[in-house]
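**Student:** Compute the structure for the input listed below.
(chains A and B)
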Amino acid sequence: MNTPANTAITEKPVTTIREIGQHEGQSVTIRGWLYNLRESGKLLFPIFRDGSGIIQGVVPKNAVSPEMFESIKNLTQESSVIVTGKVRADKRAPGGYELDVTDAQVLQRVNPDDPYPITPKEHGVDFLMEHRHLWVRSPRQAAVLRIRAEIIKAARDFLDERGFTLTDPPILTPAACEGTTTLFPVDYFDEQAYLTQSGQLYIEATAMALGKVYSFGPTFRAEKSKTRRHLTEFWMVEPEVAYGTLDDLMVLAEEFISFIVARVLERRRPELETIGRDISKLEKIAAPFPRITYDEAVQMLQDAHAKGLIENKFEYGGDFGSPDETYISSQFERPVMVHRYPAAVKAFYMEPDPERPELALCVDVLAPEGYGEIIGGSQRAESYDLLIKRIHEHELPEEAFRWYLDLRKFGSVPHAGFGMGIERAVAWICGLEHVRETIPFARTLHRLYP
RNA sequence: UCCUCAGUAGCUCAAUGGCAGAGCAUCCGGCUGUUAACCGGAGGGUUGUAGGUUCGAGUCCUACCUGAGGAGCCA
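**Tutor:** Numbering: from 1, shown residues only, chains lettered A, B, ... in the order given. Below you'll find the model as predicted:
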């Protein structure tokens, strides 16, 4: 960090607030922003943040020049500043250390006539989302974004270490995986293209080439959903395994999630504490996860209705609604894997259960604490004849799936894969109310700005 | 698409149909250990928009706009 460019500004070692404890008793420089300023007569308490943490500075009037004292006293919230001072351990400081400020170079002072809008007070959702580009500076939001990054790294490390190859599917696609009403259309020269809903069909192709593959990227759904679990643009990680079966997939899913949670607990505990997550709930997350069939889940729901625990009676054959998923997941402390749904309510590309062909070899992983479905996966239809029949049944354009059907003509094998929604996983692991806080700039039904 | 709720100062919110207010933020003043500091003072408003009822509307009625939560659909 101590490059010539930095030493031009100051001769003291440049450090971060996170690592400032290593410099106790020394004079150091930190580069950041004013988070808040308290004063008590001839004593100033400027609080600085630098992206790594927060530290309180102390400036007695008689310790610095009158000009320096005035300069710090006139600092406004979020003014950028390079601060030099001596690191001192102090029991009164929340982070354990304070900085006895000797110098503060103001790069840009925020104009008090147009002050920083996000004050250290309560704000509403609409206001914060309108100022998301500034809201990300808040300690809580910064912690969530660090955990998100850790979850993504953990997901990729897990797959990379197990012999999966990252193969990036296209974002611009000619057709839908599922219904066309949920696609975002874009002009593609003289043709109509759509933003991808899932990389799945493409990674089925690369799985036939490379064996074990995954994709990680943005996906888009034009669903008019206004709930705490929905974004129109969200990120998915999707592994796909040639010669994989539904049973293989469930083992992969539970090990995958367990690895990610363990990694966050290992490396992002301070951030989990910053956001006030109940860590004991995460410490219970370890494979194996409970597995129940769709039939068993339906029985649970009908028993619950009989006992008056849930409002609506669930009819066999339908897909679970949000309240149903919440009830099922609330019965377990670990994620629960629900498998073998009726094929009629699932996507066209799923392999039927050979023992009960009306069921699909699929699995949904429901996160605990009511966070709903974080993973959906299946063994894929293997036979050309079945697949083309399903494409027709779902009234999908056969022409657009010509290449996909080729995969069943040229060495078709059993294969399986799943997709995990990053934002829902982050919301669950962080214990957040809404997925909009799990991504730097959320795209929701009514928000395209900032 | 449907259901519910909300829109008043920069922000968070008050105001029985009867003078539009408080806290925070901003500005001025005070305080040598403050922890969303505190104390005193100042400035700051076309009450989302358009109609209607009424002696009188922030408040009641209608329509619309914007946002939030939920349903459906989904990760």
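**Student:** longest single strand anywhere in chain A?
**Tutor:** Longest strand in chain A, counting residues (DSSP state E): strand A:27-40.
**Student:** Can the following helix or strand past it be said to contact RNA strand B?
**Tutor:** Counting by DSSP states H and E, the next helix or strand C-terminal to strand A:27-40 is strand A:43-49. Yes: under the criterion of Cβ under 7 Å from any atom of the strand, RNA strand B is reached by strand A:43-49 at A:Leu43, A:Phe45. (C-beta placed from N, C-alpha, C; glycine too.)
**Student:** May I have the strands that pair with strand A:43-49, each with its orientation?
**Tutor:** Using DSSP bridges, strand A:43-49 pairs in its sheet with strand A:27-40 (antiparallel), strand A:54-60 (antiparallel).
**Student:** Show me what counts as buried in stretch A:114-131.
**Tutor:** Using 16 or more other Cβ atoms under 10 Å as the test for burial, stretch A:114-131 gives A:Tyr116, A:Ile118, A:Leu128, A:Met129, A:Glu130, A:His131.
**Student:** Of those, which is the nearest to RNA strand B?
**Tutor:** RNA strand B has its nearest neighbour among these in A:Met129, at 6.0 Å by Cβ to the nearest atom of the strand.
**Student:** The residue in the stretch 151-300 of chain A positioned nearest to RNA strand B: neighbour count?
**Tutor:** For the stretch 151-300 of chain A, the residue closest to RNA strand B is A:Ser225, as judged by Cβ to the nearest atom of the strand, at 3.0 Å. Around A:Ser225 there are 13 other residues, counting by other Cβ atoms under 10 Å.
**Student:** List phi and psi for the nearest residue to it once chain neighbours are set aside.
**Tutor:** Leaving aside its chain neighbours, A:Ser225 sits nearest to A:Leu445 (6.8 Å; criterion: Cβ to Cβ, 6 or more residues apart in numbering). Torsion angles at A:Leu445 (phi, psi; degrees, to the nearest 10) stand at phi -50, psi -40.
**Student:** got the contact list for A:Leu445?
**Tutor:** A:Lys224, A:Ser225, A:Lys226, A:His230, A:Thr232 (Cβ atoms under 8 Å, 6 or more residues apart in numbering).
**Student:** So which of those wins on neighbours?
**Tutor:** A:Thr232 (21 neighbours).
**Student:** ok, back up a step: and the longest strand of chain A, what's buried?
**Tutor:** Here strand A:27-40 shows A:Ser27, A:Val28, A:Thr29, A:Ile30, A:Arg31, A:Gly32, A:Trp33, A:Leu34, A:Tyr35, A:Asn36, A:Leu37 as buried, counting by 16+ other Cβ under 10 Å.
**Student:** Report the two members of those residues separated by the largest distance.
**Tutor:** For these, the farthest-apart pair by Cβ to Cβ is A:Ser27 and A:Asn36; their separation is 23.3 Å.
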